[in-house]
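Novice: sequence first, then the predicted structure, then my questions.
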2 protein chains.
Amino acid sequence: MRSVSVIGIGETKIGRLPDLSVQDLISDAGEKAISDAGINKDDIQALFFGNFNGQQLCGQGHMGPLATEALDLKIPAIRVEGACASGSLAFRQALISVASGVYDLVLVGGVEKMTHRNTADVTEAIASASDVVSEAEIGATFPGIFAMIANRYKEEYGDPREAMTYVAMQNHENASLNPDAQMPKTITKEKVENSIMIADPLNLFDCSLVSDGAAFVVLCSTELAKKINNGKKIIEVIGSGHAGQPLSIAAKDSITEFAATKDAAADAYKQAGVTPADIDIAEVHDCFTITQIINCEDLGFFPKGKGPEAILAGKTAIKSGVVAVNSSGGLKAKGHPIGATGISQIYEVITQLRGDAGERQVPDAKIGLSHNIGGSAATCVVNIFREAK
Amino acid sequence: MRSVSVIGIGETKIGRLPDLSVQDLISDAGEKAISDAGINKDDIQALFFGNFNGQQLCGQGHMGPLATEALDLKIPAIRVEGACASGSLAFRQALISVASGVYDLVLVGGVEKMTHRNTADVTEAIASASDVVSEAEIGATFPGIFAMIANRYKEEYGDPREAMTYVAMQNHENASLNPDAQMPKTITKEKVENSIMIADPLNLFDCSLVSDGAAFVVLCSTELAKKINNGKKIIEVIGSGHAGQPLSIAAKDSITEFAATKDAAADAYKQAGVTPADIDIAEVHDCFTITQIINCEDLGFFPKGKGPEAILAGKTAIKSGVVAVNSSGGLKAKGHPIGATGISQIYEVITQLRGDAGERQVPDAKIGLSHNIGGSAATCVVNIFREAK
């Protein structure tokens, strides 16, 4: 398998974007990535596309060719879905296709349009990522499921409330430095802790956002990237892992430790030849604040049960941290356009490794990681990146 | 890239199956394929899964881990969607993953559960495979779109009515020999031509079925297949092509010649080192009778415009044909559980190449082809198979 690199990135502003259609979002982000890569459209051989639930939210499936039509391309296209990890799964399929030589240069994208639907419809559409019969249909939608996870975490390791609040504040602070973020504003401890209860112990500010948005990257063999020589740093994918667990919460051995994250991360670290301590910046799946804490532990950044303490000590902060987590603002404050989220995480990692992150730049960011889960961690994809030699 | 083969197959009875859940369908077909392959579940490294629209039809997304849970597996899983070509796209991703060495042995499956919903809901769900804004929302659902295609074909090449009727009769006759078929009964010319009009010129019997069903195959490196040595003929994937066109009918150069089929077939033939004349049996996408005629031309079995004449001369019949088309009964009479369809086509090709097709066995079937389109041929996947040397 040959080395593969990212040579172009693009994303929309993320947020409530009532004037932009699915096609508009795709066109905006896709054209930015193509232009950033400095390639011609004729160079693109295939599209790998993440979309979680256009079928329930927009009545629109078959998003692969919809996206190529929006970008005026006539190439093979495929939609990949793995709940909130759809974008990362699309990226991984693209990676395998280029690494194996099936294609030399491909486009990877993702989109979700959600904010035109009412809360009940959005909740139902998101709940399709759970085991609907044993969970959604008896009222266990995702805030309830992750509230249960937070309660169990408290039982096993002590109360994560203060760290959850810190995660919300830190992600909003980071988002305030990201021009694409949906909620680019700092928030106070009081605001988080006094916000309305969604599912005990999760308050409104413990929950990620409902968003419209799209993100794209251009992927090619590292050899080709060097020939194209577009003046940007070439960022290589040095490790990739994908792991799975049963869909339902009931079938999982633990809900305070996500086996899919641990397995995907182990594969990615091994392939990359690095350890958790080598990671300078990480976009970590934060559908809820508790999820970010658990994920930071499962990724090996901190020992199990010690995430809250480490986070409260500032170890995930942009400037002073040992690993900067969610410099983009994360799903919590940058936003969570589900099918685009995995690609938007990679957008941030590449931006940081290029040194182009402006005010939110992590000093000396050399090795970056993206981590994306679907459902209650039934799907997990981890990718690791570094500037190509 | 190394050689890859199919070593196990399984499918459900296809039809109106009100007593079986999505999980039941997956479990039935998946366990059959695993048992047929003679492997242990521990040998399976990943699942590639085709599902078109569980989200609108069943409120259920994230079908990858749903399927692994139904099969008691804890492995990475991914759902792939490309409308009616979802199953074949999943197969192709699996093929690339094994050929490249990412995995050695994987499971590929597909499911759709449709018959519990009313006609309006099913029509709307299927229409999500079109360009919803320019087509479905103005009333152009698929029977209307393919009626337009049939009318245009008549304009360009003469009236295909008689050949369309023959396709319906032949597929029903083949289905009458297939124990898994939804409508295993022969029909008369009068029955087809006097059936109710759906969208002029398509009658009821020109249209494929609404079905429940699942199908699975086990795929591994040919080298490993020989080691496993399960007593079945090892059937190698000797060619695979995937091509795309814009989603909307309006953006296509021709609607009587599907560029995606021609491009995908050209790639598959080239890779396999065979020509259309070498194909002994083919499962050809027949969402409507006119589609089968056009596809047989685009696959190179007959010159453009000469499909009707060749089909009426019996050239696609099981026993006397030059290429046996849809020996299973096709989408038309075996049934069309959308996400499973591409895998069910491969199930039939493998069954024929193994010589296990009983009364519907094609004599001397050596080289087989599966052809699957999504939407109005915005997506096409073609695979070619032969016994491994």
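Specialist: Done, it's in.
Novice: give me every residue that touches the nearest residue to residue A:256 once chain neighbours are set aside.
Specialist: Of all residues not flanking residue A:256 in the chain, residue A:153 sits nearest, at 4.8 Å (Cβ to Cβ, 6 or more residues apart in numbering or on different chains). (C-beta placed from N, C-alpha, C; glycine too.) The contact partners of residue A:153, taken as Cβ atoms under 8 Å, 6 or more residues apart in numbering or on different chains, are A:160, A:256, A:290, A:293-294.
Novice: just those now: which is nearest residue B:280?
Specialist: For these, the minimum distance to residue B:280 (Cβ to Cβ) is 55.0 Å, reached by residue A:294.
Novice: is it true that the closest one touches residue A:150?
Specialist: No. Assessed by Cβ atoms under 8 Å, residue A:294 is found out of contact with residue A:150, at 9.1 Å.
Novice: the residue nearest to residue A:256: what secondary structure?
Specialist: Residue A:153 carries the three-state label helix when classified by DSSP: H, G, I helix; E, B strand; the rest coil.
Novice: quick revisit: now neighbour count, secondary structure and pLDDT too, for the contacts of residue A:153, in TSV please.
Specialist: Listed next are these as TSV, based on neighbours: other Cβ atoms under 10 Å in any protein chain shown; DSSP: H, G, I helix; E, B strand; the rest coil; pLDDT from 0 to 100:
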residue	neighbour count	secondary structure	pLDDT
A:160	26	coil	98
A:256	21	coil	98
A:290	28	helix	98
A:293	29	helix	98
A:294	28	helix	98
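Novice: tell me where the stretch 101-250 of chain A has strands.
Specialist: Shown for the stretch 101-250 of chain A, the strands assigned by DSSP state E, counting those that start in this stretch span residues A:105-112, A:197-199, A:202-203, A:213-221, A:235-244.
Novice: mind checking how far residue A:165 is from residue A:193?
Specialist: 6 Å (Cβ to Cβ, to the nearest Å).
Novice: higher neighbour count, those two?
Specialist: The neighbour comparison of residue A:165 against residue A:193 (other Cβ atoms under 10 Å in any protein chain shown) goes to residue A:165, with 22 against 15.
Novice: do I have it right that the more buried one meets residue A:192?
Specialist: Yes. Under the criterion of Cβ under 8 Å, residue A:165 makes contact with residue A:192 at 4.6 Å.
Novice: show the pLDDT at whatever residue of the stretch 51-200 of chain A ends up closest to chain B.
Specialist: Closest residue of the stretch 51-200 of chain A to chain B, Cβ to the nearest Cβ: residue A:100 (3.3 Å). At residue A:100, the pLDDT value in this model is 97.
Novice: count of neighbours near it?
Specialist: For residue A:100, using other Cβ under 10 Å, the count is 18.
Novice: next up, the contacts around it.
Specialist: Counting by Cβ under 8 Å, 6+ apart, residue A:100 touches A:1, B:1, B:96, B:99-102.
Novice: and which of those residues is nearest to residue A:67?
Specialist: residue B:96 (20.1 Å).
Novice: how about the CA coordinates for stretch A:208-217, as PDB?
Specialist: This file holds the C-alpha atoms of stretch A:208-217, laid out as PDB (Å, rounded to 0.1, in the frame of the first residue of the first chain):
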ATOM      1  CA  SER A 208     -23.500  19.600  20.500                       C
ATOM      2  CA  LEU A 209     -25.300  21.600  17.900                       C
ATOM      3  CA  VAL A 210     -27.900  21.000  15.100                       C
ATOM      4  CA  SER A 211     -26.200  22.400  12.000                       C
ATOM      5  CA  ASP A 212     -26.100  22.800   8.300                       C
ATOM      6  CA  GLY A 213     -22.800  22.400   6.600                       C
ATOM      7  CA  ALA A 214     -20.400  20.600   4.200                       C
ATOM      8  CA  ALA A 215     -16.700  19.800   4.100                       C
ATOM      9  CA  PHE A 216     -14.400  18.400   1.500                       C
ATOM     10  CA  VAL A 217     -10.800  17.200   1.100                       C
END
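Novice: tell me how far that stretch is from the chain's mean position?
Specialist: Put simply, stretch A:208-217 sits 9 Å off its chain's centre (Cα atoms, centre = their mean, to the nearest Å).
Novice: swap in stretch A:364-372?
Specialist: On Cα atoms, centre = their mean, the centre of stretch A:364-372 falls 12 Å from that of its chain.
Novice: please see if that stretch touches chain B.
Specialist: No. Using Cβ under 8 Å from any Cβ of the partner chain, stretch A:364-372 never reaches chain B; the gap is at least 12.9 Å.
Novice: distance of the most centrally placed residue in chain A relative to residue A:388?
Specialist: Nearest to the mean C-alpha position of chain A, by Cα atoms, centre = their mean, lies residue A:342 at 3.4 Å. Note on residue A:342: its distance to residue A:388, by Cβ to Cβ, is 21 Å.
Novice: give me the residue from the stretch 251-389 of chain A nearest chain B.
Specialist: With Cβ to the nearest Cβ as the measure, residue A:378 is the residue of the stretch 251-389 of chain A nearest to chain B, at 3.7 Å.
Novice: quick check: that residue touching residue B:62?
Specialist: Yes. The criterion here is Cβ under 8 Å, and residue A:378 meets it with residue B:62 at 6.6 Å.
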